[in-house]
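1. Here is my input; please provide its structure:
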Amino acid sequence: MKLLQAKLAKYQEPQKAKAAGIYPYFRAISSEQDTEVLINGKKVLMFGSNCYTGLVNHPKIKEAAIEAIKKYGTGCAGSPFLNGTLDIHKQLEARLAAYVGKEDAMIYSTGFEVNLGVVSCLTGREDYILWDEQDHASIIEGRRLSFSNSLKYKHNDMASLENQLKKCAPDKVKLIVTDGVFSMEGDVAKLPEIVALAKKYDASVMVDEAHGIGVFGRGGRGTCDHFGVTNDVDLIMGTFSKSFASLGGFIACDKEITNFLRHHSRSYIFTASITPASTAAVSAALDIMESEPERQENLWKVTDYALQGFKNMGCEIGHTETPIIPLYIRDNNLTFLITHELFEEGIFVNPVVSPAVAPNDTLIRFSLMATHTVDQVDIALDKIHKIFKRHNLIK
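-> Okay, here's the model as predicted:
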C-alpha cells in the first residue's frame, strides 16, 4: 500500500458507525423531495431539507426547467467569462439584484463557490477579514485562500467583534463576513449592531443569506431586508439550492465590486456556468416567492408551532428563532443512534457531530418547509418525545 493510502486507511470512523448499524449519511432517496420521501421502499417524513419554501417539486418550476432544456440544451459548455453566458443568466442577475436591493448581481455555479470566490479575492495582503467563528465552511475556506489578515470573533459577540476591529489599521480595508442565519444552530446574526460597528470603524459588511432568503424579510428577501440594513450591507450572498429549489448561487453588490469580481474571482472565471434548467428554475421560484406570500406565512406558522412544542417538551434548542431547530444531544454516538431510531420511526433528521461542532455540542438538526403541516409536525414531536425520553434527554 502506498504512503497516501496507508495514511488514509487509518480513518475508520465511518466503518465503526456502519458496524454499529447507526451510520446516518448518504441515505438514497428514490422519490422527489417533499415533506414525505421514499428511502429503501419506506416512506419517511422529511425534516432534513433546506428548501424552506417547499418549492423543490413545484410543477411550474419543473416546467420552466424542461422548457429551458428544450431551448438551450442541458449545459453551457464553458465559463461565464468566455462562452458560457446565456441571455437568461443576465436576465436572472438583473432580477436578483432588484430583488435583494442591490445595483448588480453575479451568478456562480454553487453557493459554496460564491463565498470561496468572493471572500478569497476581495481584500489584499494588508487588509483584514473579520469572521464569526460559526460562519459557514465556504466562508472559512475563502478566508483561508485569501492573503489578508484573518481575525475571528466570538459567535454573535459584538464586544469580541469590536475588539478585533480595534486591531485593524484605520487606512486598510476591513471586511466583516457573517451568516445571516447560522446554518446549524438556527440563530440570527445581530446585523443592526454589526452595521453600526462597521460604520464606526469604516468597515465593509458581507452577509451570507443562504438560510435567510425565503424565510425572513418581505417576500423572503432575507435578514438584511428584515432588519432594514440592506443599504448598509455591501455584499449580499445567496444560494439557489435552498429556497430557490435549484442549484447555484449569487453575490449582489455595487457595480464597482462586480466589475472586479468578474475579472478576478477564480471560482467564477474557471467554472462552467449553471445549467439552463437551473437558471430557469430559479427564475420560476422567484416568481412564486414574490406572488405567494402565504408560503412564507405557513413556514412561520409551522416553525412557531414546532418551537413551542420542543420548548414544552423540555428539549434543549439553544437560541434558534428560525425554521432550523437544533436539538442538542451532546454526545457523538448517541446523536447517531437517535438519528437512526427516528428514521426507524419514520422521521428523517440530520445529525451534526464533531468535527463540525465540538464533541459536547452535537445535535440533531430539525428543519421545516412551508409545505409541512401541523399534523406532520405533531407526528414528529410525538416520535421525538418518545425517543428522547427513552434516552433521558427529557423528563
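2. residue contacts, Leu38?
-> 29-31, 44 (CB atoms under 8 Å, 6 or more residues apart in numbering). Every C-beta, even on glycine, is put in place using the N, C-alpha and C of the backbone.
3. Quick check: the farthest pair among these?
-> For the contacts of Leu38, the farthest-apart pair by CB to CB is Ser30 and Val44; their separation is 11.5 Å.
4. okay, these two: which has more neighbours?
-> A direct count of neighbours by other CB atoms under 10 Å for Ser30 and Val44 places Val44 higher, at 21 against 10.
5. Tell me what the more buried one is bridged to.
-> For Val44, the beta-bridge partners are Val37 (DSSP bridges).
6. ok, it touching Ile347?
-> Yes. Shown here, Val44 and Ile347 form a contact pair, counting by CB atoms under 8 Å, at 6.5 Å.
7. circling back to that earlier point, using a markdown table, lay out the contacts of Leu38 together with distance to Glu292.
-> Converted to a markdown table, the contacts of Leu38 look like this (distance: CB to CB, whole Å):
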| residue | distance to Glu292 |
| --- | --- |
| Ile29 | 26 |
| Ser30 | 29 |
| Ser31 | 24 |
| Val44 | 27 |
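8. So which of the residues you listed is the closest to Ser79?
-> Distance to Ser79 across the contacts of Leu38 (CB to CB) is lowest for Ile29, with 31.3 Å.
9. Who does that closest one form a beta bridge with?
-> Ile39.
10. How about the contacts made by it?
-> Contacts of Ile29 (CB under 8 Å, 6+ apart): 37-39.
11. which of those lies closest to Leu8?
-> Among the contacts of Ile29, and counting by CB to CB, the member closest to Leu8 is Ile39, at 28.9 Å.
12. Now do the same for the closest one: its pLDDT.
-> At Ile39, the predicted lDDT confidence score is 96.
13. for Gln12, same thing?
-> Note for Gln12: predicted pLDDT of 95.
14. Now do the phi/psi pair for it.
-> Backbone torsions of Gln12, given as degrees, to the nearest 10, read phi -120, psi 10.
15. Over to Val177?
-> phi -120, psi 120.
16. same check, this time on the one 10 residues further on
-> Dihedral angles phi and psi of Asp187 (degrees, to the nearest 10) take the values phi -90, psi 170.
17. again, but for Leu145
-> Dihedral angles (degrees, to the nearest 10) for Leu145: phi -80, psi -20.
18. ok, and for the lowest-mean-pLDDT helix or strand in the chain, which residues are buried?
-> The helix or strand of the chain with the poorest confidence is helix 13-19; it has a mean of 93 (mean pLDDT, DSSP states H and E). By 16 or more other CB atoms under 10 Å, the buried positions in helix 13-19 come out as Ala17.
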